[in-house]
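S.K.: take a look and give me a structure for this.
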Amino acid sequence: MMPLFVNLASILRKAFYTQTYSITIIRRGEPGMVSVVILIRAEAGAIWEACQSITEIEGIERADVVTGPYDMIAYAELPSVEDLRKLMQTLHTVEGISRTETCVSI
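M.R.: Residues are numbered from 1 along each chain as shown. As a prediction, this is how the structure comes out:
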């Protein structure tokens, strides 16, 4: 006979941890392309206008307003690192953007 605490732990584990999660990693874009996620902070009151301006920049596939430590997340697919440099220069001219953090997919 198993001790009571082992049975109780087993019951609690089944009751509270029955949901399972899986993560699928999908490599986006064509080989040789630079996939980028840009985390963006904006000035108060300028988020929606800045997001609209970001979506008009060449190379940006999508930009979303989000909750959390960043105000927006933009996704880009570029042919080269040089194009990334140009994109970031353009992005930093958008009115209302105060800070960016760029994550390049490897």
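S.K.: buried stuff in whatever helix or strand residue 48 lives in?
M.R.: In the assignment (DSSP states H and E), residue 48 maps to helix 47-55. By neighbour count on 16 or more other Cβ atoms under 10 Å, the buried set for helix 47-55 is 47, 50-51, 53-54. Where you see a C-beta, it was placed from the backbone N, CA and C, and this is true even at glycine.
S.K.: which helices and strands does that helix pack with?
M.R.: Other helices and strands packing on helix 47-55, by 3 or more Cβ pairs under 8 Å, 6 or more residues apart in numbering; DSSP states H and E, are strand 34-42, strand 60-65, strand 72-78.
S.K.: give me the angle between the first one and strand 72-78.
M.R.: Direction vectors for strand 34-42 and strand 72-78, defined by axes from the mean of the first three to the mean of the last three Cα atoms, to 10 degrees, enclose an angle of 160 degrees.
S.K.: now residue 72. Nearest residue, chain neighbours left out?
M.R.: Spatial nearest neighbour of residue 72, chain neighbours left out: residue 40 (4.2 Å); criterion: Cβ to Cβ, 6 or more residues apart in numbering.
S.K.: okay, now the unreliable bits of this structure?
M.R.: Confidence mapping of the chain against pLDDT under 70 gives the ranges 1-31.
S.K.: hmm, 80 instead?
M.R.: Where the chain drops to pLDDT under 80, the residues are 1-32.
S.K.: list the contacts for residue 94?
M.R.: By Cβ atoms under 8 Å, 6 or more residues apart in numbering, the residues touching residue 94 are 50, 53-54, 57.
S.K.: in CSV, list these along with distance to residue 85.
M.R.: Below are the contacts of residue 94 laid out as CSV (distance: Cβ to Cβ, whole Å):
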residue, distance to residue 85
50, 20
53, 19
54, 17
57, 13
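S.K.: ok, of these, which one's closest to residue 103?
M.R.: residue 54 (15.7 Å; Cβ to Cβ).
S.K.: that closest one against residue 64, yeah?
M.R.: No. Residue 54 lies out of contact with residue 64 (Cβ atoms under 8 Å); the separation is 9.8 Å.
S.K.: now for the two: what residues contact both?
M.R.: The contact lists of residue 54 and residue 64 share 72, 74, where a contact means Cβ under 8 Å, 6+ apart.
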